[in-house]
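> below are the sequence and a predicted model; questions follow.
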Amino acid sequence: MTVAPHTEHERLVVLVARWKTEGWTRAAAATLPARIEATDTYERLPGGALLHRVDAHVGDQKVEGAEIIGYAQVQGSTWQPWMDVTLTRQGELSEGPLR
């Protein structure tokens, strides 16, 4: 059985690719900014959601993880459960409607 993507998932299609991302963290009270260098890979899942895989360095720390970015029709918002490979950081991000 094929699941038709929700219209909101169609807006995510522009991300499907492998991206090289670079930048800096923000300075905090006792922390200096750290350089971020990453490869972010976005793949489409059945039903239209995206699998986002991260392979990064933040300062001297290696960061690997994944999240699924989708659309929750009931709440009318995107959702992004995140888990890093060490299982030390996890969470869920929610946002409003896709624009």
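It's in. Residues are numbered from 1 along each chain as shown.

> low pLDDT regions in this protein?
Along the chain, the parts satisfying pLDDT under 70 run over 1-6, 72-99.

> quick one, strands of this protein?
Here the chain has its strands, by DSSP state E, at 17-24, 35-44, 50-58, 61-72, 77-84, 90-94.

> paired strands for the third one, with orientation please.
When pairs are called by DSSP bridges, strand 50-58 turns out to pair with strand 35-44 (antiparallel), strand 61-72 (antiparallel).

> wait, doesn't Leu12 sit right on Leu50?
Yes: counting by Cβ atoms under 8 Å, Leu12 does reach Leu50; the two are 5.2 Å apart. C-beta coordinates here come from the backbone N, C-alpha and C atoms, glycine included.

> residues near the closest residue to Arg44 other than its chain neighbours, how many?
Using Cβ to Cβ, 6 or more residues apart in numbering and skipping residues adjacent in sequence, the residue nearest Arg44 is Val16, 5.5 Å away. Each residue near Val16 was counted by other Cβ atoms under 10 Å, and the total is 12.

> now do the contacts for Val16.
Listed by Cβ atoms under 8 Å, 6 or more residues apart in numbering, the contact partners of Val16 are Tyr42, Glu43, Arg44, Leu50.

> so which of those is the closest to His57?
Nearest to His57 among the contacts of Val16: Tyr42, at 19.4 Å, using Cβ to Cβ.

> burial of the closest one, as a residue count?
Neighbour count of Tyr42, defined by other Cβ under 10 Å: 17.

> bridged to it, which residues?
Those that pair with Tyr42 in a beta bridge, by DSSP bridges, are Ala17, His52.

> with that, I have no additional questions.
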